[in-house]
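Student: Provided below for reference: sequence and predicted model.
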Amino acid sequence: MHDARQTARLLNRLQRKHLESPVSWRFQDSSQDGKSARSFGKSPPTLAHQRVGHPACARSRLCYDLLAAPAASRSENPMKSCPVCQNLYPANFTVCPKDGVTLRTVTELTEGAVLRGKYQILGKLGQGGMGIVYKARHLHFDELCALKVVTSHLAEEAGFLQRFRAEALVMRKLAHPNAVRVQDFDETEDGRPFMVMEYVEGRSLDKLLATGIPFPPRRAVRITLQAASALGAAHALGIIHRDIKPANILLAEGPDGGDLVKVLDFGVAKVKEGSTLVMGASLTRTGFVVGTPEYMSPEQARGVRGDELDGRTDLYSLGVVLYEMLTGRLPFTADTPVMMLMAHVQTEPLDPRQLRADLPAPLTALVLRTLEKDPDRRFPTAEALREALESLEQDRTVRLTPAPAPSAVRGVPTPRVPPRVPPAPPPEGRISPPGAKQAALAAPAMARPARPVFTPAEEPSRSPWMYVAIGTLVVAGAAGGFLWYRSSQPSPASTEAPTPAVETSAPAQQPAAPPVTESAPPAPTETQQRGESEEVRRLLEYGRDAMRRGDRESAAGFFRGVLALDPENRLAREGLRRAQRPPEPVRPAAPKIDEAAVLRLMQDGKQAMDSGRYEEAIRNFQAVLDLDPNHPGAQRGLALARRALAAEQEVLRPR
C-alpha cells in the first residue's frame, strides 16, 4: 500500500499534466472484448487508477473525477473556481488540488480568476456572437493581453475547434503594426477554446463617429490609409476580413502623438482557397453570413459565397467608413437590415461634397470609387488604395485641412440632428433641428447624427430675423406714440406707464428721461381712491412722480404727508419704505442699438452654425450680446455653439 503523500504527489502530477495538455487528456469511450474501458492517450493510467480509491489519500476524489468523467461533460457543465487561489478547474472537480478547499461553480470568467494558471482575468471588454473578450494579465510576463473565449454552443459544434485553431494559426502569421496580433491559443478548463491577443489601449472609431461631427479630411485619410495597409497585409496572406466597420477599428496614440490604427476582430476572417497557411481548412461555415448590414459590400448583400469573395469586398466596407468619417453620416439609410442590403446593391451614394462642400474633388472621387457596385471598378487591391491615399495626402494642390464651408446647399437633404451634447431649447423658432427627408436614398432612417444646424423652423425661404426686426420696429413705434400721447395729457395721474406685453429681442428706443433708480409704488385701485380724500390722492401722486425723477427726499416728504392724514395708508407706507432705501448708483442710459448690425450678426451666426464653423458662430453671437445683452436668440445660439465646439474639439483633438 502506497504512502498517502506519495499518492498525493502522483495526483498533483496528473493534475498538472491535465492542465498543461488538455487535448491529449480527453477520454473517449471504447469497447474491448465487450467490456467498456477508457483510453488515456496511448497508455492507460493503470498505476494512477489503482491508487485513486486509497482511503488515506485526501485528494483521491480529484483523480477519480478526472479519470471517470466523460470528456463531453467538461464542455457541457460550467467550470469550478478556487476561492483562495482563483484557479479554474473542470466542472467534475470538487476540491482545489493546491489549497484543498471546496471549489465553487462559475458560469463566466470573473475578475480575479486565473485561466490555465497564467492568465488572470481583469474584466470584460466586450461580447459578440462568437464569444466574450476579456482583459487579462499574463502572470509570468506581467503583460496585459486580451482573451477571446468562444461560447459553449460554438465550441460543441463539429469541426469548430479545427476552424478556430486554423484561425489562430492564420492570425499568428499576420504580423503588422496596424493589426492586432494573436499571441497564444488554448482551451479553458471546461473545454472552450480561447485566443490570446495583443491588448491595445485606445478608443473605438465607432464611439468618435457617434458624435455626428465629421472628421478633418487629413485625419480621415490617415486613418483609412493605416487600415488599408493592415488589410493589404492580410490579403497578401489570403485573409479577407469581411466585417470592416468602425467598431473594428481602434484608435490608439502613436509615438508621434497621432492616431495609431489597429484593425480588430479578424475572428470572422475567411482564408481563400489555395492559401498555404491552412491546408484545406475553412475558417467559416458554408452559408454562414458574416458582416454588418450598414457596411456590407454589394456582393455580400447579394449572398455571394465566402470563397468567391476577394479583398475588394473589404475595400468597399472601408470606403463606407471613410464616407462616414468625412460627412458624419452613412451613405445609405434604411428602416430594416434587408432594406439596407438592397440599398447597397441598388442605390448610388450621394456625392460627399453635397453634404460637405469643403471636401476636395480628388478625395470625393476616391471615396466614390471605393463604393462602386461592381468590384472591377474599385481599387484592385488594398495596396493600390493605400498608394492613392498617400498620393492624395502628399499632393500640395489638394487641401485636406478643414476650410470654412459655405452655407448648406439648398435642397440637399442633410441630417438635422445635433451631436450628443446636452440639448438647448430653441430660441423662439430660430434654432431647431427639423428632420429632413432623404431624397435619392433607399429609405429614411438610422443615419448617424450630423453637426448641429442653426436653421429657421418655418418658411425657410425667408429669414426669421427679418420678422424679428419688423416686430421690434412696430413695438418701438407703438411705445413711442403712446409715450408722446401720455406726455401731452394735463394730469400725470390720468395714465400709468405702459407695461410691455411682448418681450422683444431688442429694447425700443424711448425719449430721453431722468434716470430711474427705483420703481414707484403701484397706483391705488379705484376702490381705494373712493375711500381717500383728494389731498391724499394728490400727495401720493406727487410722491410717485418724485420717485420717478429720482428725488427720494421729496418723495419721502410727500409720503409722510399722506401718513399724517391717513396713518394706515398702505401705499404711503410702501412708498416711504422705498424712498428711504440707500440710493443705488445711477445707471447710464442704454446706448442706441444698431438693429441692422444685430440682424446682420445673427444671420452670420446662423450661417456659421449651418456650415459647422462654431468658433465663428460664437464670435457673431457674442458680438450681438455686446450690442444687446438681453437678446434671447443670441444667448441661446451662443450656448449651442459652445457645446457643439466642445464636442467637435473632442473629435478633432490633435493626434
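Tutor: Perfect, thanks for sending it.

Student: Could you list the low-confidence segments of the stretch 401-550 of the chain?
Tutor: Along the stretch 401-550 of the chain, the parts satisfying pLDDT under 70 run over 401-532.

Student: give me that answer again for 50
Tutor: 403-520, 527-531 (pLDDT under 50).

Student: Report the buried residues of stretch 563-581.
Tutor: If you call a residue buried by 16 or more other Cβ atoms under 10 Å, then stretch 563-581 has these buried ones: 563, 566, 569, 571, 572, 575, 576, 578, 579. The way it works is simple: take the backbone N, C-alpha and C, and place the C-beta from them, glycine included.

Student: Check which element follows whichever strand or helix holds the first one along the chain.
Tutor: When you say that, I think you mean residue 563. Following DSSP states H and E, the helix or strand that holds residue 563 is helix 552-565. Next helix or strand after helix 552-565 toward the C-terminus (DSSP H and E): helix 570-579.

Student: tell me the angle that next one makes with helix 552-565.
Tutor: Put simply, helix 570-579 runs at 150 degrees to helix 552-565, going by axes from the mean of the first three to the mean of the last three Cα atoms, to 10 degrees.

Student: how about the helix holding residue 563 as CSV, C-alpha atoms only?
Tutor: Output of helix 552-565 as CSV, limited to C-alpha atoms (Å, rounded to 0.1, in the frame of the first residue of the first chain):
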residue,chain,number,x,y,z
ARG,A,552,-36.1,110.4,-2.9
GLU,A,553,-36.1,113.2,-0.3
SER,A,554,-39.1,115.0,-1.8
ALA,A,555,-40.9,111.7,-2.3
ALA,A,556,-40.4,110.8,1.4
GLY,A,557,-41.9,114.1,2.4
PHE,A,558,-45.0,113.6,0.3
PHE,A,559,-45.5,110.1,1.7
ARG,A,560,-45.1,111.4,5.2
GLY,A,561,-47.8,113.9,4.5
VAL,A,562,-50.1,111.1,3.4
LEU,A,563,-49.4,109.2,6.6
ALA,A,564,-50.2,112.3,8.7
LEU,A,565,-53.7,112.4,7.1
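
Student: Check which residues of it are buried.
Tutor: In helix 552-565, counting by 16+ other Cβ under 10 Å, buried: 552, 554, 555, 556, 557, 558, 559, 561, 562, 563.

Student: Show me the contact partners of that helix.
Tutor: Helix 552-565 is contacted by residues 518, 533, 535-536, 539-540, 542-544, 546-547, 569, 571-573, 575-576, 579-581, 583 when judged by Cβ atoms under 8 Å, 6 or more residues apart in numbering.

Student: I'd say residue 263 and residue 243 touch.
Tutor: No: taking contacts as Cβ atoms under 8 Å, residue 263 lies outside contact range of residue 243: 10.4 Å.

Student: pLDDT below threshold where in the stretch 201-350 of the chain?
Tutor: Using pLDDT under 50, the stretch 201-350 of the chain drops low at 271-288.

Student: Now do the helices in it.
Tutor: 205-209, 217-236, 298-301, 312-327, 337-346 (DSSP state H, counting those that start in this stretch).

Student: Determine the set of other helices and strands touching the shortest one.
Tutor: Spelled out, it's helix 298-301. With contacts taken as 3 or more Cβ pairs under 8 Å, 6 or more residues apart in numbering; DSSP states H and E, helix 298-301 sits against helix 312-327, helix 337-346.

Student: Would you mind finding the most buried of the ones you listed?
Tutor: Most buried of the helices and strands packed on helix 298-301, by mean neighbour count (mean count of other Cβ atoms under 10 Å): helix 312-327, with a mean of 25.

Student: Which other helices and strands does that helix contact?
Tutor: Helix 312-327 packs on helix 205-209, helix 217-236, helix 298-301, helix 361-370, helix 382-394, going by 3+ Cβ pairs under 8 Å, 6+ apart.

Student: can you rerun that using 10 Å?
Tutor: Contacts defined by 3 or more Cβ pairs under 10 Å, 6 or more residues apart in numbering; DSSP states H and E place helix 312-327 against helix 205-209, helix 217-236, strand 239-240, strand 249-253, helix 298-301, helix 361-370, helix 382-394.

Student: Outside of the fourth one itself, list whatever touches it.
Tutor: Outside of strand 249-253, the residues that reach it under the criterion Cβ atoms under 10 Å, 6 or more residues apart in numbering are 178, 180, 200-209, 219, 223-224, 226-227, 230, 258-265, 318, 321, 325, 655.

Student: That strand pairs with which strands, and in what direction?
Tutor: Paired neighbours of strand 249-253 in the sheet (DSSP bridges): strand 203-204 (antiparallel), strand 259-263 (antiparallel).

Student: any chance of those strands in CSV, plus distance to residue 622 and mean neighbour count?
Tutor: Output for those, formatted as CSV (distance: least, Cβ to Cβ, whole Å; neighbours: other Cβ atoms under 10 Å):
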stretch, distance to residue 622, mean neighbour count
strand 203-204, 32, 14
strand 259-263, 33, 22
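
Student: can you redo the ones you listed as TSV with distance to residue 358?
Tutor: Below are the strands paired with strand 249-253 laid out as TSV (distance: least, Cβ to Cβ, whole Å):
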stretch	distance to residue 358
strand 203-204	25
strand 259-263	21
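
Student: of those strands, which approaches residue 333 most closely?
Tutor: strand 203-204 (21.6 Å; Cβ to Cβ).

Student: Identify the residues contacting the closest one?
Tutor: 126, 210, 246, 247, 248, 249, 250, 251, 252, 253, 259, 264.

Student: give me every residue that touches the fourth one.
Tutor: With contacts defined as Cβ under 10 Å, 6+ apart, the neighbours of residue 247 are 126, 128, 204, 205, 206, 207, 209, 264, 265, 292, 295.

Student: now swap in the third one and tell me
Tutor: Contact criterion Cβ under 10 Å, 6+ apart gives 204-210, 223, 292, 294-295, 320-321, 324-325, 448 as the residues in contact with residue 246.

Student: Now do the closest residue in space to residue 241 that isn't next to it in sequence against residue 637, distance only.
Tutor: If the residues on either side of it in the chain are set aside, residue 241 comes closest to residue 314, at 5.1 Å by Cβ to Cβ, 6 or more residues apart in numbering. Shown here: residue 314 relative to residue 637, a distance of 43 Å by Cβ to Cβ, to the nearest Å.

Student: try residue 237
Tutor: From residue 237 to residue 637 the distance is 54 Å (Cβ to Cβ).

Student: more neighbours, these two?
Tutor: residue 637 (28 against 18; other Cβ atoms under 10 Å).

Student: Tell me how many other residues crowd the residue nearest to the more buried one when sequence neighbours are not counted.
Tutor: Of all residues not flanking residue 637 in the chain, residue 621 sits nearest, at 4.5 Å (Cβ to Cβ, 6+ apart). For residue 621, the neighbour count with other Cβ under 10 Å is 29.

Student: Look at residue 621 and give its secondary structure.
Tutor: Under DSSP: H, G, I helix; E, B strand; the rest coil, the three-state class of residue 621 is helix.

Student: What residues does it make contact with?
Tutor: 454, 601-602, 604-606, 608-609, 631, 633-642.

Student: Can you turn the buried part of these into a ChimeraX selection?
Tutor: To isolate the buried ones among those in ChimeraX, judged by 16+ other Cβ under 10 Å, type:
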select :454,601,602,604,605,606,608,609,631,633,634,635,636,637,638,639,640,641,642
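
Student: Sort out which of the contacts of residue 621 are in strands and list them.
Tutor: Judged by DSSP state E, strands contain none of the contacts of residue 621.

Student: Derive a PyMOL selection command for the buried subset of the contacts of strand 203-204.
Tutor: Here is the PyMOL command that picks out the buried ones among these, judged by 16+ other Cβ under 10 Å:
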select buried, resi 246+247+248+249+250+251+259+264
